[in-house]
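Student: let me see the structure of the following:
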Amino acid sequence: MDETDRKILSCLQNNGRISNKELAQCVHLAPSAALKRLRRLEETGVITGYACRIDHGKIGLNMNVLISVITAEKAGHIEIGSKLAELPDVLDVFDVAGNTSYIIRAVVKDTSGLNDLIIRLGNIPGVVRTQTTLIMNMIKNELAFNFSQDEP
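Tutor: Sure, this is the predicted structure:
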């Protein structure tokens, strides 16, 4: 991956709906060269997909929560994680190290919806305990990586 690839990724992160012509202008390449690089980034799995961001509150999902899920599952097994990922109100599932097995982020309509989610989590075989943290304000919620910082 070179500087031009990083510029392509930055342009796409700023506007995932950018046309190939605009992308080419953004990175100072011919449209055919920009498209070739874009396809390579997709084929190699650097770009894993395109999405639209939704304001969950505007569609009635007013509670954003983090839930720690403690399981009886052995470390390195993610069967329960797969079951967590199937729940429609769960946005993210993280397999984590430490006292918690998973951390999930979910959106629900209200406290009744949260209670329902917690009951469903408790009904998954192997889930021992959950701990919920209500997100009061999202200070930063970025999907984009800042390529202007030093590379690792």
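
Student: next, the closest residue to Leu66 other than its chain neighbours: phi, psi?
Tutor: Closest residue in space to Leu66, ignoring its immediate chain neighbours: Thr133 at 4.5 Å, by CB to CB, 6 or more residues apart in numbering. Where C-beta positions appear, they are placed from N, C-alpha and C, glycine not excepted. The phi and psi values for Thr133, taken as degrees, to the nearest 10, are phi -120, psi 120.

Student: for Leu114, see how far away Thr133 is.
Tutor: Counting by CB to CB, to the nearest Å, the gap from Thr133 to Leu114 is 11 Å.

Student: same deal with Thr132?
Tutor: Separation of Thr132 from Leu114 (CB to CB): 7 Å.

Student: more neighbours: these two, which one.
Tutor: Between Thr132 and Leu114, Leu114 has the larger neighbour count (other CB atoms under 10 Å), namely 19 against 16.

Student: tell me the pLDDT at the more buried one?
Tutor: On the pLDDT scale, Leu114 is placed at 98.

Student: OK, contacts around it?
Tutor: Leu114 is in contact with 63, 65, 108, 132, counting by CB atoms under 8 Å, 6 or more residues apart in numbering.

Student: quick one: common contacting residues for Thr133 and Leu114?
Tutor: Residues within reach of Thr133 and of Leu114 at once, by CB under 8 Å, 6+ apart, are Val65.

Student: helix, strand or coil for the residue most central in space within the chain?
Tutor: By CA atoms, centre = their mean, the mean C-alpha position of the chain lies nearest to Asp92, the distance being 5.8 Å. Secondary structure state of Asp92, per DSSP: H, G, I helix; E, B strand; the rest coil, is strand.

Student: who's in contact with it?
Tutor: Contacts here follow CB under 8 Å, 6+ apart; on that basis Asp92 touches 104-105.

Student: from Ala85, how far out is it?
Tutor: When Asp92 is compared with Ala85 (using CB to CB), they lie 9 Å apart.
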